[in-house]
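Novice: Predicted model follows, preceded by the sequence.
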Amino acid sequence: MSKVFSKPFTQQEAIPEDGIEAAVTLLRNGRLHRYNTIGDELSAAAQLEQAYAQWQGSDYCLACTSGGYALHIGLRAMGVQVGDRVLTNGYTLAPVPGAIVNAGGVPVLVEIDANYHLDLEDLRSKAQASGARFMVLSMMRGHIPEMGKLMALCNELGIQVLEDCAHTMGGAWQGTKSGNFGVMAAFSLQTYKHMNTGEGGLLVSNDAEMMAKAIMHSGSYMLYERHGAAPAKEVFEKVRLTSANMSGRMDNLRAAIALSQLPHLDDNCQRWNHRYDVLMQRLQRQPDIDIPARHVNESYVGSSIQFRLPKLADEQVAAFLQACAERGVELKWFGEAEPKAFTSRYDSWKYLAPSHLPNTLAILAKTFDMRVPLTFDVADCELIADIIAEQVGIFMQTNKV
Ligand SMILES: *Cc1c(COP(=O)(O)O)cnc(C)c1O
């Protein structure tokens, strides 16, 4: 009998008890709106901004409705105007080009390299050809590029960077937290990210004027003084009447849920990496499985794993996925031309002007992806890796016949 895995790939851990209690208290008193406070009470949304800014090591933080929304108003606050070109990774999730379009920008997709990082040569040529002055650096699936080199190139080219840290919350490059390199950074609190409030987003920055604009855009009305990690009142005087209200505030319920998870975040990142490292080591024993190396300066958070099967033919992919699924292992394939579930390939975003990224397509055609929820323990990861390795072995065997 071959081994089968039976846990669901989409089950998250419970919300911490103090988060449940805080949520129930809010349900009882009904003060769910972030500005619905009594006296000098600091709302849960404001407390989250304060706590996250401190944890992240940034001056300012804004809590809002989603990661995609944080990217959108971040770009506006950075000064993106209608028609401006905005560079971004050719390998990213659909909300990223969507946020650029929402801000009036025109996405310019840049190739990735074999380590899922932006290709710096392509970045230079696309930046020069398009004249782009903005970039959303999307660290899709938590792969942090060589930030020193990347930021030096962006400075040279006059490009302002907004970091998309949806998968790198808690990650770092050479000891500096992901999100502390660009002028702004966006995080997601959506269920499958590193803190789970269902939906939610955080925008951080050290730039006072940009953050004041973002807070106005988020729909603060003239209540910005009730924020937890906002610039001084004087900064708002300059922007408060010229920044449109684009209503995307976080409510106290979700903020309370996030607040209860923040103290566990560092520990959870380590728990993810423990699982990731077990998966990686076991998968690497199978010589036909390729896992791109991580740079020594990269502190990643292994909440998902990507591996490549260079010798698996395109015609074999469906059968391989099916065979793994039958044994309880849910893999995603990024080579799929038709967008499925959460994954989508850039050429399925037909609202963009067509672009051709042959290297990105070639890498994605061989890439498989798996989520690693914390409800899996280390033994689960060993079993999953063994199942994948075994199935790869079976398919490679058929190739030889
Ligand atoms: C999830 C995600 C986002 C957007 O987050 P939402 O909160 O779902 O809007 C942005 N970029 C990447 C890479 C993501 O995975």
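Specialist: Looks like it arrived, so ask away.
Novice: Please count neighbours and contacts with C-alpha atoms only from this point.
Specialist: Noted.
Novice: Could I get the contacting residues of the spatially most central residue of the chain?
Specialist: Nearest residue to the geometric centre of the chain (CA atoms, centre = their mean): residue 166, 1.7 Å. Contact analysis of residue 166 by CA atoms under 8 Å, 6 or more residues apart in numbering lists 67, 139, 140, 142, 186, 187, 188, 193.
Novice: What is the burial count for residue 287?
Specialist: Residue 287 has 11 neighbours, counted by other CA atoms under 10 Å.
Novice: Checking the residue nearest to the centre of the chain next. Helix, strand or coil?
Specialist: coil (DSSP: H, G, I helix; E, B strand; the rest coil).
Novice: With residue 254 as the reference, measure out to it.
Specialist: 17 Å (CA to CA, to the nearest Å).
Novice: Same check on residue 244?
Specialist: Taken as CA to CA, the span from residue 244 to residue 254 is 24 Å.
Novice: Of the two, give the one with the bigger neighbour count.
Specialist: Neighbour count, other CA under 10 Å: between residue 244 and residue 254, residue 254 has more, with 24 against 15.
Novice: State the helix or strand in which the more buried one lies.
Specialist: helix 252-261 (DSSP states H and E).
Novice: Quick one: mean pLDDT over the very next helix or strand once past that helix.
Specialist: Counting by DSSP H and E, the next helix or strand C-terminal to helix 252-261 is helix 265-284. Averaged over helix 265-284, pLDDT sits at 98.
Novice: Helix 265-284 to helix 252-261, inter-axis angle?
Specialist: In terms of direction (axes from the mean of the first three to the mean of the last three CA atoms, to 10 degrees), helix 265-284 departs from helix 252-261 by 70 degrees.
Novice: Output helix 265-284 as PDB, restricted to C-alpha atoms.
Specialist: In PDB, the C-alpha atoms belonging to helix 265-284 read as follows (Å, rounded to 0.1, in the frame of the first residue of the first chain):
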ATOM      1  CA  LEU A 265       4.600  36.100  14.500                       C
ATOM      2  CA  ASP A 266       8.300  35.500  15.100                       C
ATOM      3  CA  ASP A 267       7.700  32.200  16.600                       C
ATOM      4  CA  ASN A 268       5.400  31.200  13.700                       C
ATOM      5  CA  CYS A 269       8.000  32.200  11.200                       C
ATOM      6  CA  GLN A 270      10.400  29.800  12.800                       C
ATOM      7  CA  ARG A 271       7.800  27.100  12.900                       C
ATOM      8  CA  TRP A 272       7.200  27.600   9.100                       C
ATOM      9  CA  ASN A 273      11.000  27.400   8.500                       C
ATOM     10  CA  HIS A 274      11.300  24.200  10.500                       C
ATOM     11  CA  ARG A 275       8.600  22.600   8.200                       C
ATOM     12  CA  TYR A 276      10.100  24.100   5.100                       C
ATOM     13  CA  ASP A 277      13.600  22.800   5.900                       C
ATOM     14  CA  VAL A 278      12.300  19.300   6.400                       C
ATOM     15  CA  LEU A 279      10.400  19.400   3.100                       C
ATOM     16  CA  MET A 280      13.400  20.900   1.300                       C
ATOM     17  CA  GLN A 281      15.900  18.400   2.600                       C
ATOM     18  CA  ARG A 282      13.800  15.400   1.800                       C
ATOM     19  CA  LEU A 283      12.800  16.600  -1.600                       C
ATOM     20  CA  GLN A 284      16.400  17.300  -2.500                       C
END
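Novice: Enumerate the residues of this protein near the ligand.
Specialist: 66-68, 92-93, 95-96, 138, 140, 164, 166, 188-190, 199-201 (CA under 6 Å from any ligand atom).
Novice: Sitting in strands, which of these do you find?
Specialist: Per DSSP state E, strands hold the following members of the residues of the chain next to the ligand: 138, 164, 188, 201.
Novice: Was I right to think the last one contacts residue 193?
Specialist: No - taking CA atoms under 8 Å as the contact criterion, residue 201 and residue 193 are not neighbours in contact, 10.6 Å apart.
Novice: ok, those two, which is more surrounded?
Specialist: Neighbour totals were compared for residue 201 and residue 193, and residue 201 leads with 24 against 20 (other CA under 10 Å).
Novice: Specify the beta-bridge partners of that one.
Specialist: residue 64, residue 188 (DSSP bridges).
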